[in-house]
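Visitor: heads up, no residue letters with this:
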């Protein structure tokens with residue numbers, strides 16, 4: 001029911017980190033400037049006003065900026081992405097409980113945040129290899145069509 005590791009989660013974490021950096025509660029970060037530029041805003045106060053009325057979709061739209069910052073070496077963004085991968089790994093751990101302990105669990109990803117080359121996908125892959133080696137992410141570089149996959153699974157059950 002949550003969005004742990006998802007776009008809204010990443011966007012909220014970026015907003016919080018930008019505010020903490022601005023207030024001097026966290027180390028310096030380029031996230032505030034990146035978010036201001038992405039949103040066409042001028043000041044931190046503008047960002048506060050924006051965030052007070054932003055929809056979940058608008059906050060989630062900040063996630064690609066977090067991934068780009070992480071890819072470019074922004075330390076705070078890298079931490080946010082690493083934390084997101086940990087959250088996604090927790091979800092995979094819950095999933096593996098539905099399989100025999102010796103059974104390999106095959107996983108596919110979908111969505112723009114987990115495309116090949118994404119720092120979130122890289123961190124998730126690394127975390128799963130270390131913590132849940134029986135969980136195997138698809139190596140496919142092509143998009144997975146979720147409705148077609150659901151229909152395929154349903155057909156197998158018949």
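Guide: Thanks, I have it. Owing to the predicted nature of the structure, the values given are computational and were not obtained by experimental measurement. Residues are numbered from 1 along each chain as shown.
Visitor: tell me what the longest helix anywhere in the chain is packed against?
Guide: The helix that spans the most residues within the chain, counting by DSSP state H, is helix 75-96. Using 3 or more CB pairs under 8 Å, 6 or more residues apart in numbering; DSSP states H and E, the elements in contact with helix 75-96 are helix 7-22, helix 63-71, strand 105-107, helix 119-131, strand 135-137. Using the backbone N, CA and C atoms, a C-beta is placed for each residue, glycine as well.
Visitor: Let's have these in CSV, adding distance to residue 152 and mean neighbour count.
Guide: Output for the helices and strands packed on helix 75-96, formatted as CSV (distance: least, CB to CB, whole Å; neighbours: other CB atoms under 10 Å):
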stretch, distance to residue 152, mean neighbour count
helix 7-22, 26, 21
helix 63-71, 29, 21
strand 105-107, 13, 14
helix 119-131, 23, 18
strand 135-137, 18, 18
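Visitor: Any idea which helix or strand in the chain has the lowest mean pLDDT?
Guide: Of all the helices and strands that make up the chain, helix 146-157 has the lowest average by mean pLDDT, DSSP states H and E, namely a mean of 78.
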